[in-house]
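Asks: sequence and computational prediction follow.
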Amino acid sequence: MSTEAIRRRVLEGNVRKSLLVLATPILINQIVQVLYNLVDTFWLGRLGRAAVSAPAVAWPVMMTAMLFASGFTAAGTALISQLVGARRYEEVDTVLGQLILVEVLVGTVLGIAGYFLAVPLFRLLHVPYDVLPLSSSYLQVLSLVFPFVSAGLAMSAAFRALGDTKTPTIVGVTTLILNAVLDPLLIFGWAGLPKLGVVGAALSTSVSSILYAMTLMSLFLRGYRGIRLSTLSFAPRRAILYRVLRIGTPSALSNALTGLSFAVVMAIVASFGTVATAAYGVGMRISNVISGLVFGISQAAGVIVGQSVGARLVNRARRALLETIRANILITAVLSVLIFLFAPHIVAMFISDPVVIAVGALFLRIFLPTLPLVSITVPVILALRAAGKTHLSALLGIVQLWVIRIPLAYLFGAALGIVGVWWGLSLTNVISAAIAAYFLLNTKWLRPIV
């Protein structure tokens, strides 16, 4: 299918059908990603509290780096989707080349920082002594491949901006399956491989990240539906780099603050000990089953919003956003009820420690009732980015996390203990959704930037 044909599929016909076509591959990828995370948690849970806590501690830091890099990706893909919407296809390959150039450079700097700052950073966050060496090693291994991670994220987002959610999903699912196969082999030293424990989990993820980025790059280098990268595509273009950096910097800084906020929340949780850290790690992996689906559907809406704004079809962009929120609320409500009812049994699937099971189940039963409200906040933030209004998405993200989440988690935790932290996180969903609803009702920001 040509780029023009994909554009028509995005911009013409029934909005629900367009959302379904775009969202299905993304959801498949999200489901596989979530399943891998659960399998990863299951295997590490066999090694005890400290091992299952290590990725939970390291991921907020890794997420901070990934989110910072994805801020520039958001700028590049906003330009690409709106160029496609405006039928300016000849400019897409140049913008994509500049975006990848930025991401590789950013990824290299962040990877070096992550490797050398892992240990002092986790000490600063008061990570429990038995978890610190494991989480540090986990982060250091992942930091080595971060240029591939950031480039892969950029190219995957570019495929979506073009209206193709199927290709990155096929590649992503394939590499995730490889990841899941390597995981127990490297963790436990099966099939004659070395027993690496937590490092083995990080190494399997690193291998799949490299293969993912290299596969997507090969597709663009060979030529993909009229978009073909060459060495000239990566030659610095001052005007395009300026636009990517100007539009992307607010989002990158906001995203970095978002990731850092998760690290701060983890530090608050870790201050209550290894049991709380393990319970939070398992509980978040389980709740991410739901939030991952919300994010996947919302990414599909971002494709329609971006191209619709570029084509000056504001009503279609607004309709896509509303339909996405309706679908997300229905899905999250059903799944939240099911997990709420069977919370202790679900947590027990990943760790056998009865104290961790009790604390993890309590977290889920406090946090899940307000999780459907994320169905409003996430689509609005991604739609703002797709429209190129990264300063507004940045503002919303900063307020949500630094003005609401962290103060509530800290204050409630100081007053009520770890249960107070759970209530602070839950209440954050309510207040954030109310703020996002303002942008939903006032859509003057749906204006093109190309």
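Replies: Everything's here; your move.

Asks: mean confidence (pLDDT) on stretch 247-258, please.
Replies: Confidence over stretch 247-258 (mean pLDDT, whole number) is 81.

Asks: next SSE downstream of the helix or strand that contains V305?
Replies: Using DSSP states H and E, V305 sits within helix 274-310. Counting by DSSP H and E, the next helix or strand C-terminal to helix 274-310 is helix 314-341.

Asks: show me how far that following helix is from its chain's centre.
Replies: How far helix 314-341 lies from its chain's middle: 18 Å, per CA atoms, centre = their mean, to the nearest Å.

Asks: just after it, pick out the following helix or strand.
Replies: Using DSSP H and E, the helix or strand that directly follows helix 314-341 along the chain is helix 343-348.

Asks: helices or strands up against that next one?
Replies: Packing partners of helix 343-348 (3 or more CB pairs under 8 Å, 6 or more residues apart in numbering; DSSP states H and E): helix 274-310, helix 354-367. The way it works is simple: take the backbone N, C-alpha and C, and place the C-beta from them, glycine included.

Asks: worst average pLDDT in these?
Replies: Note on these: lowest mean pLDDT is at helix 274-310, with a mean of 86.

Asks: could you check the angle helix 354-367 makes with that one?
Replies: 30 degrees (axes from the mean of the first three to the mean of the last three CA atoms, to 10 degrees).

Asks: T73 versus the residue of the chain most remote from its centre, what's the distance?
Replies: Distance to the chain centre peaks in the chain at G192, reaching 34.2 Å (criterion: CA atoms, centre = their mean). Noted for G192: a distance of 39 Å to T73, by CB to CB, to the nearest Å.

Asks: quick one: low-confidence ranges for the stretch 1-150 of the chain?
Replies: Low-confidence segments of the stretch 1-150 of the chain (pLDDT under 70): 1-6.

Asks: all helices of it, in order?
Replies: For the stretch 1-150 of the chain, the helices defined by DSSP state H, counting those that start in this stretch occupy 3-11, 15-45, 49-85, 92-124, 132-143, 146-161.

Asks: got these as a markdown table, with distance to T370 and mean neighbour count columns?
Replies: Output for the helices of the stretch 1-150 of the chain, formatted as a markdown table (distance: least, CB to CB, whole Å; neighbours: other CB atoms under 10 Å):
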| stretch | distance to T370 | mean neighbour count |
| --- | --- | --- |
| helix 3-11 | 32 | 18 |
| helix 15-45 | 20 | 20 |
| helix 49-85 | 21 | 26 |
| helix 92-124 | 30 | 20 |
| helix 132-143 | 28 | 24 |
| helix 146-161 | 28 | 26 |
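
Asks: now tabulate these in JSON lines and tack on distance to G420.
Replies: As requested, those are arranged in JSON lines below (distance: least, CB to CB, whole Å):
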{"stretch": "helix 3-11", "distance to G420": "45"}
{"stretch": "helix 15-45", "distance to G420": "25"}
{"stretch": "helix 49-85", "distance to G420": "19"}
{"stretch": "helix 92-124", "distance to G420": "23"}
{"stretch": "helix 132-143", "distance to G420": "24"}
{"stretch": "helix 146-161", "distance to G420": "35"}
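
Asks: F412 is nearest to which of these?
Replies: In terms of CB to CB, the element of these nearest to F412 is helix 49-85, at 19.3 Å.

Asks: and the closest one with helix 274-310, angle?
Replies: 0 degrees.

Asks: and the angle from helix 49-85 to helix 15-45?
Replies: Here the directions of helix 49-85 and helix 15-45 differ by 160 degrees (the same axes, to 10 degrees).

Asks: list the contacts of the closest residue to I80 other than its chain neighbours.
Replies: Leaving out its chain neighbours, the residue that sits closest to I80 by CB to CB, 6 or more residues apart in numbering is A161, at 4.1 Å. A161 makes contacts with T77, A78, I80, S81, V84, V303, G306, as judged by CB atoms under 8 Å, 6 or more residues apart in numbering.

Asks: can we see that at 6 Å?
Replies: Each residue near A161 by CB atoms under 6 Å, 6 or more residues apart in numbering is listed here: T77, I80, S81.

Asks: export these to JSON lines and tack on distance to R237?
Replies: Shown next, in JSON lines, are those (distance: CB to CB, whole Å):
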{"residue": "T77", "distance to R237": "17"}
{"residue": "I80", "distance to R237": "14"}
{"residue": "S81", "distance to R237": "19"}
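
Asks: identify, from those residues, the entry nearest to W422.
Replies: Ranked by distance to W422 (CB to CB), the contacts of A161 are led by T77 at 34.9 Å.

Asks: measure that closest one to L229 for me?
Replies: Separation of T77 from L229 (CB to CB) stands at 15 Å.

Asks: check the closest residue to L373 other than its chain neighbours and give its pLDDT.
Replies: Leaving out its chain neighbours, the residue that sits closest to L373 by CB to CB, 6+ apart is A433, at 3.8 Å. Per-residue pLDDT puts A433 at 94.

Asks: so what's the gap between the one helix or strand A433 maps to and the chain middle?
Replies: Using DSSP H and E, A433 falls within helix 418-441. Using CA atoms, centre = their mean, the mean C-alpha position of helix 418-441 is found 19 Å from that of the whole chain.

Asks: that helix to helix 274-310, inter-axis angle?
Replies: Put simply, helix 418-441 runs at 0 degrees to helix 274-310, going by the same axes, to 10 degrees.

Asks: what residues does helix 418-441 touch?
Replies: Under the contact criterion CB under 6 Å, 6+ apart, helix 418-441 has outside partners 268, 272, 276, 363, 366-367, 370, 373-374, 376-377, 380, 400, 404-405, 408-409, 412-413.

Asks: buried among these? Make that a ChimeraX selection.
Replies: Entered in ChimeraX, the line below selects the buried ones among the contacts of helix 418-441, by 16 or more other CB atoms under 10 Å:
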select :268,272,276,363,366,367,370,373,374,376,377,380,400,404,405,408,409,412,413
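
Asks: output stretch 428-447 as CSV, restricted to C-alpha atoms.
Replies: Extracted in CSV, the C-alpha atoms of stretch 428-447 (Å, rounded to 0.1, in the frame of the first residue of the first chain):
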residue,chain,number,x,y,z
THR,A,428,-3.4,11.8,41.3
ASN,A,429,-5.4,10.0,38.6
VAL,A,430,-8.6,11.9,39.6
ILE,A,431,-7.1,15.3,39.6
SER,A,432,-5.1,14.8,36.4
ALA,A,433,-8.2,13.7,34.5
ALA,A,434,-10.0,16.8,35.6
ILE,A,435,-7.2,19.0,34.2
ALA,A,436,-7.1,17.0,30.9
ALA,A,437,-10.8,17.4,30.5
TYR,A,438,-10.2,21.2,30.1
PHE,A,439,-8.1,20.6,27.0
LEU,A,440,-10.7,18.1,25.8
LEU,A,441,-13.4,20.8,26.0
ASN,A,442,-11.3,23.6,24.6
THR,A,443,-9.7,22.3,21.4
LYS,A,444,-8.4,25.5,19.8
TRP,A,445,-5.0,23.9,20.0
LEU,A,446,-5.9,21.7,17.0
ARG,A,447,-4.1,23.9,14.5
